[in-house]
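Asker: show me how the following folds:
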Amino acid sequence: MENQNSGFDRNQLIGFVLIAVIMVGFGWWQSKNMPEPVPQETTEEVVDVPGSSETTEEVTATLAAEVVDSNAFVPQEITVENEDLKLTYSTLGAQLVRAQIKGYQTYDSAEVMIVNNNQVWDIKLPGEAALSTKEFNVVSQNATSLVMSDGATQVEVNLGETGFLASYTVKGTSSAAGKPELFWERTAYRTEKGISNERIYSTYAYKVQEDGDVENLSGRGGDDAEDVGAVNWLAQKQHFFSYIVHPSEGFSAANVATVNGTDEDESIVKVYTSNATLNQSVNGAYSLPFSVYLGPNHYQTLKQYDQDYEKVINFGWGIFGWIGRGVVVPIFNWLEGYGLSYGLIILIMVLIIKGAMSPLTFASYRSMAKMRVLKPELDKLTEKFGDKDPVGKQQATMALYRDAGANPLGGCIPVLVQMPILFAMFRFFPASIELRGESFLWATDLSTYDALISWDAHIPILSSLYGNHISIFTLLMTGSTILYTRMNQQMSPSTGNAAQMKQMQIIMYVMPLMFMFVLNSYPAGLTYYYFLSNIVTFGMQWGIRKSVDDEAILAKIEAKRAQPKKKKQSKFQARLEEMQRQQNLNRSQRRK
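Answerer: Modelled structure (predicted):
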């Protein structure tokens, strides 16, 4: 068997060498003759990672959408401000998105933002798109003014160096004739500690064009939509702050409504809604100027604009409102000018009012003293006539009063005169922003209740009627009223049926307890005023009681009786006797 050669033969070796030479030579030649590479833009490679939620096609679609969105309108926010007001507008629809009232804080120490992405304020012209859909660009801007335009519509905003009034003007060219419409809706968020009172005193106010009166919706609850007719301006009043919209020509018609927040969400006070038609026709080029007030319900601040804005502060109707605006506010502002604490101002107001009433009060107590010394004789008349002859008893009683110079109604006169003042104060204190945040003694805020004791647990019936706190000033007012009632009953003679008098006494003691429940959530300034008024009245009553001598009064009555009787009688007595004579005649006719 031939042996096989296990290595490479010469021919094989030569073949491998030639192949290697050819490959190296070809590589060298190719590198020398290769064209220069063209630089390429680097692109990020999208790798489809196994398990990824997006496919390559989805990623590609997303990237394409981003390219399109980069060319879309992006709204901007621009701020204008002065010393008192800071307004932020969006270039989408030229909408007011935020409005801060400087210098004021909410009950929980936050900034008062009367607008904070919580409103729709939209103008629509005949045949045009709504203002809120327009995309604006900023044309010019400085600290207190702003001009925006979308090419067809221009909006100008201007603020003064100070104050809470802004001008808002919309200009353009209309494609159809008619009157523009305004849709205005805002959710008012809570600013005060007492949410129930804030809802009561938050409402729509408006100035009627026909008679110039400023009227309000009820305020206590949600109000159904109401047509208020032609008005000069509309005001969304939120207890201590107002948002007033005033077109230069007013509104030819307006429909307004409010909806109360719920107990489940106490952050919302009310939702205001209005649809109004401007009292200005457009046809071609137009300009729609508005005045907008966003600020505190401070009487003198609102009054300076001379548009009756101050009447959004509701001091009551008729004589109550007149006393509030014409008497209480001037006295309060005068005392405030001396820089006194508000607790001291309220005390001085009590002394001024009680001092002005003192002549009537003294005359009333003298009349009550005369009635008191005549009580023994009145008791004799009751025994003489009893219930058999009530007319004869009445005639004899009137004759006794006439001879003694006593007036049975004399004690009622001061009460009747003071009632309008008490009601005016009842409206004044809850509406006084001056008391907001002002402390006195244990009350940290005189514009709301003083809760020295409070609890979180809801107690059925009690929490609904009384609240989850105890107001100390309300308790002091209740105690002083009961004390005053007791002393007044001791000074007044008890005449008439004993059972009726007992019922009347019970009512007189129950009334203060009822007011304790009603006023427990009212401002501490109000209950403090009523407490001081009771104490001062009690002191005056005690002082007069000590100075009045019943025996001297009785001696004067006897001396007057001894004088010759004059036939002349007062018109009141003559009418009373005529009424009695007519009653006797009617009774006789019925018997026949």
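Asker: tell me what Q238 is bridged to.
Answerer: S202, F241 (DSSP bridges).
Asker: let me fix that, I meant to ask about S287.
Answerer: S287 has the following beta-bridge partners by DSSP bridges: K171.
Asker: tally of neighbours for it?
Answerer: 13 (other C-beta atoms under 10 Å). Glycine gets a C-beta too; all of them are placed from N, C-alpha and C.
Asker: surely it meets T169?
Answerer: Yes - with contacts counted by C-beta atoms under 8 Å, S287 reaches T169, the gap being 6.3 Å.
Asker: for the stretch 201-350 of the chain, which segments count as helices?
Answerer: 299-303, 318-323, 329-336, 342-373 (DSSP state H, counting those that start in this stretch).
Asker: what pLDDT, on average, does the third one get?
Answerer: The average pLDDT for helix 329-336 rounds to 92.
Asker: what helices or strands is that helix leaning on?
Answerer: Packed against helix 329-336 by the contact rule (3 or more C-beta pairs under 8 Å, 6 or more residues apart in numbering; DSSP states H and E) you find helix 299-303, helix 342-373.
Asker: what's the span of stretch 190-208, first residue to last?
Answerer: 28 Å (C-alpha to C-alpha, to the nearest Å).
Asker: if you count neighbours, what's buried in that stretch?
Answerer: By 16 or more other C-beta atoms under 10 Å, the buried positions in stretch 190-208 come out as 190-195, 197-207.
Asker: domain map for the chain?
Answerer: Here the domain parsing of the chain from automatic domain parsing is 77-313, 330-564.
Asker: pick out the shakiest of those, pLDDT-wise.
Answerer: domain 330-564 - the lowest mean pLDDT of the domains of the chain, at a mean of 79.
Asker: off-centre distance for that one?
Answerer: Centroid separation for domain 330-564 versus its chain: 30 Å, with C-alpha atoms, centre = their mean, to the nearest Å.
Asker: kindly report the same for stretch 256-270.
Answerer: Offset of stretch 256-270 from its chain centre (C-alpha atoms, centre = their mean): 13 Å.
Asker: quick one: buried residues of it?
Answerer: Of the residues in stretch 256-270, 256-258, 260-261, 268-270 count as buried by neighbour count, 16+ other C-beta under 10 Å.
Asker: hmm, back to that, CSV for the helices and strands packed on helix 329-336, including distance to A177 and mean neighbour count?
Answerer: As requested, the helices and strands packed on helix 329-336 are arranged in CSV below (distance: least, C-beta to C-beta, whole Å; neighbours: other C-beta atoms under 10 Å):
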stretch, distance to A177, mean neighbour count
helix 299-303, 36, 18
helix 342-373, 56, 18
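Asker: so which of these gets nearest Y104?
Answerer: Among the helices and strands packed on helix 329-336, the nearest to Y104 by C-beta to C-beta is helix 299-303 (12.1 Å).
Asker: what about the closest one, distance to the chain center?
Answerer: Computed by C-alpha atoms, centre = their mean, the chain-centroid distance of helix 299-303 equals 16 Å.
Asker: helices or strands up against it?
Answerer: helix 329-336.
Asker: list the contacts of the helix it packs on.
Answerer: Residues outside helix 329-336 that contact it (C-beta atoms under 8 Å, 6 or more residues apart in numbering) are 299-300, 345, 348-349, 352, 428, 432, 434.
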